[in-house]
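1. Below: sequence and its predicted model.
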Amino acid sequence: MKIAILAPYATVAPHFETELELAQQHLDKGDEVTTLSCFGQLANCDFNIDRTQARCDECIGRRKMGWQLVLPQPTRGRTRQLVQLSPQAHQLRLDFEDVAELIDYRTDDFEIGYACLSSLVSVVRDPEPDLLEHRQLLNRFLISAWQSYHNTLQFLQANQVDLVYTFNGRFAAMRGVLRACEKMGVDCRLHERGCNKEHFEIFENHLPHDIDAIHRAIERKWKTADPLTREDIGSQWFLDRVNRVETAWKSFTTAQEVGRLPIGFDKTNKNVAIYCSSDDEFVAIGDKWKNRIYPNQVTAISQIADSMLRRQPKTRLYLRVHPNLADVDNQRKRDMLNLKSSNLTIIAPEDDCDTYQLLKSCDTTVSFGSSVGIEAVFWDRPSVLLGPCLYQNLLGPVRATSHTHTVELLAASLPACDDKTGALRYGHWFQTRGFPHKYYTAENLFEGKFKDQIIYAKPPRRTMFQKIKDRVVRP
């Protein structure tokens with residue numbers, strides 16, 4: 001087979017090391033491997049938005065060292081050809097009145113507006129970024145996205161390739177690779193973290209956020225698993241989260257005091273826990289991730305508090321703002337923290353109130369797609385789902401269809417779902433997904449060794465003049 005690994009960035013572990021792993025495994029099978037990487041030609045970089053030379057040198061240095069460890073050496077397609085700025089890039093639209101216009105923007109078969117918004121939102125940590133304020137950054141994302149898309153097409157047209165790998169696919173440059181492969185009918189596999197630091201995951205011809213594809217993967221995993229152990233494995237994922245075990249990603253509850261409830265919490269009341277999501281990752285995936293009931297979470301919570309105050313004034317609402325928003329400063333977060341209603345208690349992101357004690361103590365759990373919605377099912381709590389998510393088609397959460405339906409669900413005395421199979425399937429998939437690394441050994445979530453070597457950028461060689469100068473100025 002002829003394999004191409006389109007890897008713009010070597011900055012972040014373990015993703016670069018995963019690309020080395022994939023290359024080595026294919027070479028072990030006798031496949032041909034070509035790697036295509038950026039050596040500073042992309043108009044923008046998700047991991048070096050200021051385009052500092054030091055950061056660029058570090059990325060290039062890590063790449064050079066890493067590929068030296070892959071044997072036999074694959075063909076390295078230096079991207080002076082791959083990402084050479086195409087003349088058509090100058091015809092890109094670079095002016096947008098608002099986010100809605102950007103989302104609608106497509107070029108050829110590529111939803112370039114969505115892709116660039118996804119990168120922009122991740123950088124500025126604002127689901128509704130000011131496009132005027134960030135115009136230069138957005139424009140660089142647009143150009144780099146076009147570079148990767150158009151020049152991947154050129155590469156695939158000029159070379160026989162059976163399979164392409166790239167990272168994640170959500171960001172501006174990488175999504176262009178996926179769409180170019182789709183246009184050319186070439187198999188594209190996106191790599192990401194797996195179930196833990198010892199595994200990587202592969203998504204075949206779809207984003208890691210594809211709701212329908214992930215549902216099929218969950219069902220497939222469950223059906224092929226050992227019936228004697230799969231429920232215990234699925235349960236373990238939920239237990240690990242409550243116990244703050246970090247497996248595939250950081251735990252956002254480690255700083256919380258176990259068992260602590262909000263001051264004044266009265267278990268004799270009817271209490272509803274509302275969990276907002278950190279929507280940076282999902283706000284710009286595609287139309288299937290649009291909330292069909294509410295324009296955003298702040299509006300939803302405001303309307304719910306107002307309607308419940310009139311419908312059932314003694315019901316207490318507790319809003320747990322996602323801990324991942326602790327260091328974020330944007331208008332939506334400020335609006336959320338400033339919500340005022342006599343039936344609403346807001347728990348700030350940095351508050352050490354126990355997320356899971358709140359879940360278990362409240363009569364009903366409300367979520368917009370965060371994992372707590374399916375976790376509530378596992379812990380025998382009624383779960384009301386107000387937004388799209390990867391588990392929306394699994395048994396357990398009750399999906400609201402309108403604001404009126406939301407209020408009816410919260411006003412009712414909902415029973416817990418007596419069938420946890422949906423939750424167990426979800427937990428089982430997260431606990432087992434991916435493939436074990438063979439050559440990469442993780443030391444933690446962000447560090448490890450490839451073939452027993454830490455991949456680092458070697459410092460540039462100092463000239464004789466620099467050495468003499470150092471001796472002269474040294475006291």
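-> Received the coordinates, thanks. Residues are numbered from 1 along each chain as shown.
2. contacts and neighbour counts: CA atoms only from here.
-> Fine.
3. Local confidence estimate at residue 36?
-> pLDDT, residue 36: 88.
4. Check whether it really touches residue 4, as I assumed.
-> Yes: Residue 36 is in contact with residue 4 according to Cα atoms under 8 Å; the separation is 7.3 Å.
5. More neighbours: which of the two?
-> residue 4 (27 against 21; other Cα atoms under 10 Å).
6. In the strand or helix carrying the more buried one, which residues are buried?
-> Secondary structure assignment for residue 4, by DSSP states H and E: strand 2-6. Using 16 or more other Cα atoms under 10 Å as the test for burial, strand 2-6 gives 3-6.
7. okay, how far is it across stretch 239-254, tip to tip?
-> This stretch, stretch 239-254, spans 14 Å end to end (Cα to Cα, to the nearest Å).
8. Can you mark which positions in that stretch are buried?
-> Judged by neighbour count using 16+ other Cα under 10 Å, the buried positions of stretch 239-254 are 241-242, 246-248, 251-254.
9. now the closest residue to residue 71 other than its chain neighbours: how far from residue 370?
-> Nearest residue to residue 71, sequence neighbours excluded (Cα to Cα, 6 or more residues apart in numbering): residue 24, at 6.9 Å. Distance, residue 24 to residue 370, by Cα to Cα: 36 Å.
10. do residue 338 as well
-> Using Cα to Cα, one obtains 22 Å as the distance from residue 338 to residue 370.
11. Of the two, give the one with the bigger neighbour count.
-> residue 370 (21 against 11).
12. Show me how far the strand holding residue 4 is from its chain's centre.
-> 23 Å (Cα atoms, centre = their mean, to the nearest Å).
13. Same question for stretch 263-277.
-> 29 Å.
14. Return the set of buried residues in it.
-> Quick answer for stretch 263-277 (16+ other Cα under 10 Å): 270-277.
15. now swap in stretch 9-21 and tell me
-> 9-11, 14-21.
16. Same check on stretch 151-171?
-> For stretch 151-171, by 16+ other Cα under 10 Å, it's 151-153, 155-156, 161, 163-171.
17. One more: stretch 318-331?
-> 318-323, 325.
18. Looking at those residues, which are in strands?
-> 318-320 (DSSP state E).
19. Now distance to residue 235 and pLDDT too, for the residues you listed, in TSV please.
-> Below are those laid out as TSV (distance: Cα to Cα, whole Å; pLDDT from 0 to 100):
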residue	distance to residue 235	pLDDT
318	27	98
319	26	98
320	24	97
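20. hang on, the earlier thing: same for the strand holding residue 4, what does it pack against?
-> Counting contacts by 3 or more Cα pairs under 8 Å, 6 or more residues apart in numbering; DSSP states H and E, strand 2-6 is packed against helix 15-28, strand 32-37, strand 163-167.
21. which stretches of the protein have low pLDDT?
-> For the chain, the stretches with pLDDT under 70 are 75-90, 459-475.
22. Would you point out which residue is most central in it?
-> residue 281 (4.9 Å; Cα atoms, centre = their mean).
23. That one is in contact with residue 120, isn't it?
-> No: applying Cα under 8 Å, one finds residue 281 not in contact with residue 120, separated by 10.6 Å.
24. just the helices in the stretch 251-400 of the chain please.
-> 297-311, 331-337, 355-361, 372-378 (DSSP state H, counting those that start in this stretch).
25. Dump these into a markdown table; add distance to residue 424 as well.
-> Shown next, in a markdown table, are the helices of the stretch 251-400 of the chain (distance: least, Cα to Cα, whole Å):
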| stretch | distance to residue 424 |
| --- | --- |
| helix 297-311 | 27 |
| helix 331-337 | 32 |
| helix 355-361 | 18 |
| helix 372-378 | 8 |
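26. Relative to residue 58, which of those is closest?
-> Of all those, helix 331-337 sits nearest to residue 58, with 34.2 Å by Cα to Cα.
27. can you pull the buried residues of that closest one?
-> Buried residues in helix 331-337 (16+ other Cα under 10 Å): 332-333, 336-337.
28. Name the pair among these with the greatest separation in space.
-> Between any two of the buried residues of helix 331-337 (Cα to Cα), the greatest distance is 8.7 Å, for 332 and 337.
29. Can you say which helix or strand has the closest residue to residue 46 other than its chain neighbours in it?
-> Of all residues not flanking residue 46 in the chain, residue 119 sits nearest, at 6.7 Å (Cα to Cα, 6+ apart). Per DSSP H and E, residue 119 falls inside helix 112-124.
30. Quick check: buried residues in that helix?
-> So helix 112-124, judged by 16+ other Cα under 10 Å, has buried residues 112-122, 124.
31. which secondary structure elements does the following helix or strand past it contact?
-> Past helix 112-124, further along toward the C-terminus, the next helix or strand under DSSP H and E is helix 135-158. Under the contact criterion of 3+ Cα pairs under 8 Å, 6+ apart, helix 135-158 touches helix 79-82, helix 112-124, helix 172-184.
32. Let me have those helices in JSON lines, extended by distance to residue 59.
-> What follows is those, written out as JSON lines (distance: least, Cα to Cα, whole Å):
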{"stretch": "helix 79-82", "distance to residue 59": "14"}
{"stretch": "helix 112-124", "distance to residue 59": "18"}
{"stretch": "helix 172-184", "distance to residue 59": "16"}
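33. Which among these is found nearest to residue 353?
-> Once these are compared by Cα to Cα, helix 112-124 is nearest, at 26.8 Å.
34. Pull the distance from that closest one to the chain's centre.
-> So, by Cα atoms, centre = their mean, the centroid of helix 112-124 is 12 Å from its chain's centroid.
35. now the angle between helix 135-158 and that helix, please.
-> 130 degrees (axes from the mean of the first three to the mean of the last three Cα atoms, to 10 degrees).
36. now helix 112-124 against helix 172-184, angle please.
-> Orientation check (the same axes, to 10 degrees): helix 112-124 against helix 172-184 gives 160 degrees.
37. Pull helix 112-124 out as CSV, backbone CA atoms only.
-> C-alpha atoms of helix 112-124 as CSV (Å, rounded to 0.1, in the frame of the first residue of the first chain):
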residue,chain,number,x,y,z
ILE,A,112,-14.1,26.2,5.0
GLY,A,113,-16.1,28.6,7.2
TYR,A,114,-17.0,25.9,9.7
ALA,A,115,-13.4,24.7,9.8
CYS,A,116,-11.8,28.1,10.3
LEU,A,117,-14.4,29.0,13.0
SER,A,118,-13.5,25.8,14.8
SER,A,119,-9.9,26.8,15.0
LEU,A,120,-10.6,30.4,15.9
VAL,A,121,-13.0,29.5,18.7
SER,A,122,-10.4,27.1,20.1
VAL,A,123,-7.7,29.8,20.1
VAL,A,124,-9.7,32.7,21.6
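38. Mind giving me the packing neighbours of it?
-> Using 3+ Cα pairs under 8 Å, 6+ apart, the elements in contact with helix 112-124 are helix 99-104, helix 135-158, helix 172-184.
39. Mind doing that once more with 6 Å?
-> If contacts are counted by 3 or more Cα pairs under 6 Å, 6 or more residues apart in numbering; DSSP states H and E, helix 112-124 sits against helix 99-104, helix 172-184.
40. just those helices: most buried one?
-> Among the helices and strands packed on helix 112-124, helix 172-184 has the highest mean neighbour count (mean count of other Cα atoms under 10 Å), at a mean of 24.
41. what's the spacing between stretch 18-34 and its chain's center?
-> Computed by Cα atoms, centre = their mean, the chain-centroid distance of stretch 18-34 equals 25 Å.
42. Nice, that's everything, thank you.
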